[in-house]
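In: need coordinates for the following:
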Amino acid sequence: MAAADSPSPGLRRRDLCSRGIRLAGKMRSDVVDLLDTYVEWQGLDASASVAAVEGVPVAAVERWDEQTGTQRLLENLAAYRTFRALLAQMLEEQQEQLGEADTALGRALASVLLQVSAFTYHLEELLQLESRGTPSEEVDVPVPPSQLGLFERKLRGLGVLRELAQWAVRSARDLRQLAKPSPGSSSAPGPDESP
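Out: Below is the predicted model:
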């Protein structure tokens, strides 16, 4: 009887994907706002060109349509774990630079860091459902101590935030793909599912 009360794995996956898409959309919106605040507080030009930043996962992927759902989730999970470490480092550097002042930039960074952490947890939950097991144990993502000068750190932060915004778009796309019924599976309720 308990099985009838719990949603089927397919319905649960679609629900998690739908919530994840909303989380990714909110995160992207907040990251775009944070980018504006970051550029202003750091005295940067919004159109500044930033080369690929070492250690920052790139959202662009070749042969995206050939990836399995599990591969997409694993790549997303690895990326957001890295972003969580990078954002924590950025927040720490920002506090060192400006002191303990409760700035709009500090609050916005902390908010996005919290969203990235929540999204990471959400991806772990979805991956656990998708692979019928537990995702690999979380490993601390090593973020090398910053040996960069102040200006280089500012540019690295800009690159991190821009790429995070791109990952939010990719994540929503990946989750939409994952939410689609698998080929060969019926979208009609099974015998133990209610319509």
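In: give me the helices and strands touching the longest helix belonging to the chain, please.
Out: Longest helix of the chain, by residue count under DSSP state H: helix 9-42. Judged by 3 or more CB pairs under 8 Å, 6 or more residues apart in numbering; DSSP states H and E, helix 9-42 is in contact with helix 104-131, helix 150-179. Glycine gets a C-beta too; all of them are placed from N, C-alpha and C.
In: quick check: next helix or strand after that helix?
Out: On the C-terminal side of helix 9-42, the nearest following helix or strand under DSSP states H and E is helix 69-98.
In: the residue nearest the centre of the chain and Ser117: what is the separation?
Out: In the chain, the residue lying closest to the centroid (CA atoms, centre = their mean) is Tyr80, at 4.4 Å. For Tyr80, the distance to Ser117 equals 8 Å [CB to CB, to the nearest Å].
In: kindly report the same for Arg156.
Out: 21 Å.
In: quick one, which of these two is more surrounded?
Out: Arg156 (21 against 16; other CB atoms under 10 Å).
In: where's the more buried one relative to Leu23, distance?
Out: According to CB to CB, Arg156 stands 25 Å off from Leu23.
In: go on, Gln71?
Out: In terms of CB to CB, Gln71 sits 20 Å off from Leu23.
In: can you check Tyr80 too?
Out: Applying CB to CB, the value for Tyr80 to Leu23 is 11 Å.
In: do you know the pLDDT at Tyr121?
Out: pLDDT recorded at Tyr121 is 96.
In: try Thr134
Out: pLDDT at Thr134 comes out at 53.
In: what touches both of Tyr80 and Leu23?
Out: Residues touching both Tyr80 and Leu23 (CB atoms under 8 Å, 6 or more residues apart in numbering): Phe119.
In: hang on, isn't the residue nearest to the centre of the chain packed against Tyr121?
Out: No - contact criterion CB atoms under 8 Å: Tyr80 and Tyr121 do not qualify, at 9.4 Å.
In: run through this structure and note the low-pLDDT ranges.
Out: Counting by pLDDT under 70, the chain shows low-confidence ranges at 1-6, 100-102, 132-146, 182-195.
In: kindly recompute the last result at 80.
Out: Within the chain, the segments meeting pLDDT under 80 span 1-7, 9, 51-53, 62, 64-65, 97-103, 131-148, 181-195.
In: tell me how far the closest residue to Gln166 other than its chain neighbours lies from Leu73.
Out: Once flanking residues are discounted, Gln166 sits nearest to Ala59: 3.9 Å by CB to CB, 6 or more residues apart in numbering. Plainly put, Ala59 is 15 Å away from Leu73 if you go by CB to CB.
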